[in-house]
Structure formats: C-alpha cells, structure tokens
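Asker: generate coordinates for the sequence data below:
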Amino acid sequence: MNRTVSNTVVPQGTVGSNPTLSARIGEHMDKKHFNALVEQTREMISQFQEIEQKPWGVEGAMIELSKQVGDLSKHIMVQEKYYLKSRESQPDYATTKENIADELFDIWFCLIRIADHYKIDLEQTIDNIVRKELKDFMEGKIK
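Answerer: Below is the predicted model of the structure:
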C-alpha cells in the first residue's frame, strides 16, 4: 500500500522502515544555507528595483509569478516532448535543463518578493511544515 504526501506517492514502509529519516531531514534543515540564498536574492531584488526605479508591489510579483510558471510549463512540455514532433526543429520549441533551472529561479525570485511583502520567514515556515508532515507521516496520519 502507498501513502500520498502532497500529491506524491510514497511506497508504504519507506519512512517506518527507516527511523533515521527524520534525523536526516533535521540535519539538512540545520545547515542554514537557506537564509544565505534568501539574502542573496533580496540583494538582487534591491538591485533590480534600482534599475526599474520603483519597487514592485505584491500584485506585480503575482503577475510575474504567473508568467514565470507559464514559461516553466512550456520548457517542461518541450523537454518531455508534449508538442508535435514537427516543432522540435523550431527555435521556440528548444529547451535545456539550464532553461528550466532559470525559470525555477525566476519563480524563487517572485516567491521571495511575496514572502517579504507578507513578512513570512520562509526558512521557518518550511522547517515547521516539513517537521509536522514528517511527524504525521511517522504516526501514520498520512495515508
């Protein structure tokens, strides 16, 4: 039997048979590289605001996020060959893993802007949710 966690199917027994899983996740969460990445991104946001000569509001960040998710979707569909074979030779239907990574970064950029607008500590939020989900998983509450 499998369990579903955030739309991901995890084989039954994966966590229960591996008692060190929560320790390993906790270990990764404690490395604290996350805040350094957030700060670097904030610095880039600040530099972009100087170039743009005005700060983006949360509405602009949401519009940009929607656009970036669409761009990511297109790159993934191209990479996974969802388009007609005849389009493979067209420049608009070419992509690389680097293009996908760039779109993921653009989404990250928007997420930082939105989190900062609402004064959300992403590191703490992710840490809390992962720990809660892992606890629920270990207690069999997620099936």
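Asker: only C-alpha atoms from now on, for both contacts and neighbour counts.
Answerer: Will do.
Asker: next one: phi and psi at residue 81?
Answerer: Note on residue 81: backbone dihedrals following degrees, to the nearest 10 are phi 60, psi 50.
Asker: again, but for residue 88
Answerer: For residue 88, the backbone dihedrals (degrees, to the nearest 10) come out as phi -60, psi -30.
Asker: likewise for residue 78?
Answerer: Dihedral angles (degrees, to the nearest 10) for residue 78: phi -70, psi -50.
Asker: what does the one 4 residues further on give?
Answerer: Note on residue 82: its backbone torsions stand at phi -80, psi -10 [degrees, to the nearest 10].
Asker: got it, and residue 94?
Answerer: Torsion angles, degrees, to the nearest 10, at residue 94: phi -110, psi 140.
Asker: next up, the contacts around it.
Answerer: Neighbour list for residue 94: 75, 78, 79, 88 [criterion: CA atoms under 8 Å, 6 or more residues apart in numbering].
Asker: between the residues you listed, which is closest to residue 111?
Answerer: Lowest distance from residue 111 to the contacts of residue 94 (CA to CA) belongs to residue 75, with 19.6 Å.
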